[in-house]
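Colleague: What follows is a protein structure lacking sequence information:
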DNA sequence: ACGGACATGTAACGAGTTACATGATTAT
DNA sequence: ATAATCATGTAACTCGTTACATGTCCGT
């Protein structure tokens, strides 16, 4: 039930098409949500059917038509209502940690290869969050004030990645010594 | 595709029933995986049909019969094979952070209530991980050595929760000042 | 008498992934 | 020519949640 509110939140901040939304999920909220374009289109149709979104088609020169979605009054009401009810805690599901948990099947160098691979991915994530953070810090102070709470989510993403990376680096050092 | 390997891993360490497994998910791997009993039974049936698990029924005095599952040779082979292939990175989906992202719909005290609620839950998680950790540290050193890598996953869980809690406490202090 | 732990399941639905499908424009 | 970006979609499948269903034993 949360995807719909993620979509409503982004469209509330700024209306856009399914394609726009997909990019915004990748570039601005990837530290706490992800969704494929198939999910977007399905969700947008459903929200439109339920009257939470308006849709206007926009012709473009040299590009396919766009369907621009924006919140209706009942969409804004649904979002404002959901936002203040405590959300269910996320359930963690981390395949890599299953692999370590089954680690007695792994040779030392295989374990190191797995950890190094994850470490690369998490370092790349951290770098992209830090970059995003710099863009925020260079933006209009009035906007920064308006989206101050939203920005806190990015700071959590950064700290979480740093913790992860430190843990993995320590683990690699210990694996090297065995 | 990862639930099946989580199930295989736990049954590889020690055979058991669906009910046992459900408890072990809650008590020993909840820091990286969760699953309901319905998922267990479905997955166990599937793995049994595919020949990765053996099943023997065990009558019990005063309790319902148990179906004890254990890995077949091909089950162990499937696990050993999967374990060394890099797993896909987890996709984060955290409903609470959507709520903060839509935080311009929240009054200051509503935001504080949401954060405090999450903080309580994360503190409870941390306490349960710390308790688990103490049980591990008091266990047979030979087992600790055998499951050293598995134990590292718990240490990550603990550090991740500490990071989360520190972030939330700081956020609460800042919300108090506004 | 009632609730909690033990033990196993079915059915329906919602969420997420993978594969397939189409078609224009722009840059190499 | 060929790939990348823009733009929208369908179909089939797996995974995860919620609700329903049954029955025993044990403690209070």
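Modeller: Thanks, I have it. Treat the numbers as computed from the prediction; the structure is a model and nothing was measured.
Colleague: Show me where chain A dips below the pLDDT cut-off.
Modeller: A:61-63 (pLDDT under 70).
Colleague: Spatially central residue in it, please.
Modeller: Nearest to the geometric centre of chain A sits residue A:30, at 2.2 Å (Cα atoms, centre = their mean).
Colleague: so where does residue A:56 fall, helix or strand?
Modeller: Using DSSP states H and E, residue A:56 maps to strand A:53-60.
Colleague: Same check on residue A:164?
Modeller: helix A:148-176.
Colleague: Counting by contacts, list what that helix packs against.
Modeller: Where contact means 3 or more Cβ pairs under 8 Å, 6 or more residues apart in numbering or on different chains; DSSP states H and E, helix A:148-176 is packed against helix A:108-137, helix B:95-101, helix B:148-176. Glycine gets a C-beta too; all of them are placed from N, C-alpha and C.
Colleague: Please pull up the helix or strand immediately following the first one.
Modeller: Looking back up the chat, that one is helix A:108-137. Following helix A:108-137 toward the C-terminus (DSSP H and E): helix A:141-146.
Colleague: Name the residues of chain A found near DNA strand C, please.
Modeller: A:1, A:2, A:3, A:4, A:34, A:35, A:36, A:38, A:39, A:62, A:63, A:64 (Cβ under 7 Å from any atom of the strand).
Colleague: Mind doing that once more with 6 Å?
Modeller: Neighbours of DNA strand C within chain A, by Cβ under 6 Å from any atom of the strand: A:1, A:3, A:36, A:38, A:39, A:62, A:64.
Colleague: how about whichever strand or helix holds the fourth one: buried residues?
Modeller: In other words, residue A:38. Per DSSP H and E: residue A:38 is located in helix A:37-49. Under the neighbour-count criterion of 16 or more other Cβ atoms under 10 Å in any protein chain shown, helix A:37-49 has A:39, A:40, A:41, A:43, A:44, A:47, A:48 buried.
Colleague: what does stretch A:110-125 give?
Modeller: Buried residues in stretch A:110-125 (16+ other Cβ under 10 Å): A:111, A:112, A:114, A:115, A:118, A:119, A:122, A:125.
Colleague: which residues touch the third one?
Modeller: It stands for residue A:114. Applying Cβ atoms under 8 Å, 6 or more residues apart in numbering or on different chains, we find residue A:114 in contact with A:96, A:99, A:100, A:106, B:84, B:86, B:87.
Colleague: To what extent is the last one buried, counted in neighbours?
Modeller: One way to gauge burial is a neighbour count; for residue B:87, by other Cβ atoms under 10 Å in any protein chain shown, it gives 19.
Colleague: again with residue A:6
Modeller: The number of residues near residue A:6, taken as other Cβ under 10 Å, comes to 23.
Colleague: Please apply the same query to residue A:160.
Modeller: If we define neighbours as other Cβ under 10 Å, then residue A:160 has 22 of them.
Colleague: Chain neighbours aside, what residue packs nearest to it?
Modeller: For residue A:160, ignoring the flanking residues on the chain, the nearest one in space by Cβ to Cβ, 6 or more residues apart in numbering or on different chains is residue B:163 at 5.9 Å.
Colleague: Then residue A:104?
Modeller: residue B:146 (6.0 Å).
Colleague: Who are the contact partners of residue A:101?
Modeller: Residue A:101 neighbours (Cβ under 8 Å, 6+ apart): B:9, B:29, B:32, B:149, B:150, B:153.
Colleague: What distance do you get for it to residue B:151?
Modeller: 9 Å (Cβ to Cβ, to the nearest Å).
Colleague: can you check residue A:100 too?
Modeller: For residue A:100 relative to residue B:151 (Cβ to Cβ), the value is 9 Å.
Colleague: just to revisit the earlier point, okay, buried residues for the next helix or strand after the strand holding residue A:56 please.
Modeller: Elements were assigned by DSSP H and E; along the chain past strand A:53-60, the next helix or strand is strand A:63-71. Residues of strand A:63-71 classed as buried under the neighbour-count rule (16+ other Cβ under 10 Å) are A:66, A:67, A:68, A:69, A:71.
Colleague: for the closest residue to the fourth one other than its chain neighbours, which residues make a bridge with it?
Modeller: Taking Cβ to Cβ, 6+ apart as the measure, residue A:69 lies nearest to residue A:53, with 4.7 Å between them; neighbours along the chain are not counted. Per DSSP bridges, residues listed as beta-bridge partners of residue A:53: residue A:71.
Colleague: Now for residue A:60, how many residues are close by?
Modeller: For residue A:60, using other Cβ under 10 Å, the count is 8.
Colleague: Likewise for residue A:102?
Modeller: 23.
Colleague: ok, residue A:32 to chain B distance?
Modeller: With distances taken as Cβ to the nearest Cβ, to the nearest Å, residue A:32 is found 4 Å from chain B.
Colleague: residue contacts, that residue?
Modeller: A:153, A:157, B:92, B:93, B:94, B:97, B:98, B:101.
Colleague: any idea which of those is the one closest to residue B:22?
Modeller: residue B:93 (22.7 Å; Cβ to Cβ).
Colleague: The nearest residue to that closest one once chain neighbours are set aside - how many residues pack around it?
Modeller: Spatial nearest neighbour of residue B:93, excluding adjacent residues (Cβ to Cβ, 6+ apart): residue A:33 at 5.5 Å. By the measure other Cβ under 10 Å, the count of residues near residue A:33 is 23.
Colleague: what secondary structure does residue A:33 sit in?
Modeller: What DSSP: H, G, I helix; E, B strand; the rest coil gives for residue A:33 is coil.
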